[in-house]
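> Return atomic coordinates for the entry below.
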Amino acid sequence: MPSQDLEGVWTVLATTPPASGIEVAPTGNAVAAGEVLVGVDHLSRRHLLIPLLPGEAARTDTKGRGVHLARLSHGSTVYLTVLCLLPELHHVFTQFCRELMETVAGATSPAKETAAAIDRWRVLFSDADRRGLANDEVLIGLLGELLVVERLLGLGAPADLRFWGGPFNDIHDLRSASHAIEVKATSVREGRIVSISSVDQLQEPAGADLLLVHIRLDSDPGGFNLPDLVGRNLDAGADRDQIDRRLGELRIVASDLAPYAGRRFTVADSRVYDVTSYAFPRLLRSSFSGGDIPSGTLRISYSIDLTNEPPNPLQQAEIDLALTALATEAASEMDP
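Residues are numbered from 1 along each chain as shown. A predicted model of the protein is given here:
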């Protein structure tokens, strides 16, 4: 099974992880004891399962932070499972499993070959772990912002991306003089629960309006990934140095996006809200007596529920008008 097929099977299994135990799928590869399987457990961790003969010895190793080697019973068969604990290692783990399946095919002792392969790859797993690849929350958030940036570039927003401040921890992700947009992307499949990181995040800037874009992404082996979206934004006119700079702020190395290639998504739902509209839930400094947060309060974060209506999302014509206004204004603000 090619590495991209392994990735696809894991992604599909992860869309409906089991409540307990492990969900498995065949790889089409076999050893003496039976077929090699891939699996996803109830914690959405990825497995490659090598079947063992009755009484077959197999070394285990559960000391590593990113990859473990353990015995696992499924059905009537005992397996030696190679288990990936960290999503940021998925790309390296997929390549490892592809090589491992070739190695164990026809091996006298698949368990021994698996342990040896773990030893050979241990440094690569450790290197990938130390690189601090972006976690799912950072990646999903970035993908959401890139989707909106791509749209704005198509409407004439400037290539220097001066309007995109999200990676720099600006209060609002996208901004021109009189327009602001906050982007909230999620992979949670149920409801529209949005986390708000500060009391100022849903406060419209002085003299400006503020929209909230809510995007839900579903895992999809046929969808887009981070390298795709970066390429699409470059094709739309974005300056490469400015893209690289923003990725760097998120500790993502723009010249090496391969580790993110296997994490593919489609847009399952996208809505845009005017945060000043009727019944939109938000906390502001003016929500508190005295017009500000209580003295001694260091930070306020909260969640809002946009599952039901009201609040009502904007219609497509209103969205187009708002995005065009921000793109046009951002372009007019460029230095002469």
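> all contacts plus neighbour counts: C-alpha atoms, from now on.
Fine.
> residue ranges of the strands in the stretch 51-200 of the chain, please?
Taking DSSP state E, counting those that start in this stretch to define them, one finds strands in the stretch 51-200 of the chain at 67-74, 77-84, 174-175, 179-186, 193-196.
> what's next to the fourth one, contact-wise?
With CA atoms under 8 Å, 6 or more residues apart in numbering as the test, strand 179-186 has contacts from 137, 140-141, 143-145, 172-175, 194, 201-202, 204-205, 208-217, 325-326.
> As JSON lines, the strands of the stretch 51-200 of the chain with mean neighbour count, distance to R282 and mean pLDDT would be great.
Formatted as JSON lines, the strands of the stretch 51-200 of the chain follow (neighbours: other CA atoms under 10 Å; distance: least, CA to CA, whole Å; pLDDT from 0 to 100):
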{"stretch": "strand 67-74", "mean neighbour count": "18", "distance to R282": "42", "mean pLDDT": "89"}
{"stretch": "strand 77-84", "mean neighbour count": "22", "distance to R282": "39", "mean pLDDT": "91"}
{"stretch": "strand 174-175", "mean neighbour count": "26", "distance to R282": "19", "mean pLDDT": "96"}
{"stretch": "strand 179-186", "mean neighbour count": "23", "distance to R282": "13", "mean pLDDT": "95"}
{"stretch": "strand 193-196", "mean neighbour count": "15", "distance to R282": "9", "mean pLDDT": "87"}
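> Kindly reformat these as JSON lines containing distance to R264.
Formatted as JSON lines, these follow (distance: least, CA to CA, whole Å):
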{"stretch": "strand 67-74", "distance to R264": "22"}
{"stretch": "strand 77-84", "distance to R264": "18"}
{"stretch": "strand 174-175", "distance to R264": "24"}
{"stretch": "strand 179-186", "distance to R264": "14"}
{"stretch": "strand 193-196", "distance to R264": "22"}
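> Tell me which of the ones you listed sits nearest to D228.
Between D228 and those, the tightest spacing by CA to CA is seen for strand 179-186, at 17.2 Å.
> Now do the residue lying closest to A238 once chain neighbours are set aside: how many residues are near it, please.
In space, and not counting its chain neighbours, A238 is closest to A159: 4.4 Å by CA to CA, 6 or more residues apart in numbering. Neighbour count for A159, taken as other CA atoms under 10 Å: 19.
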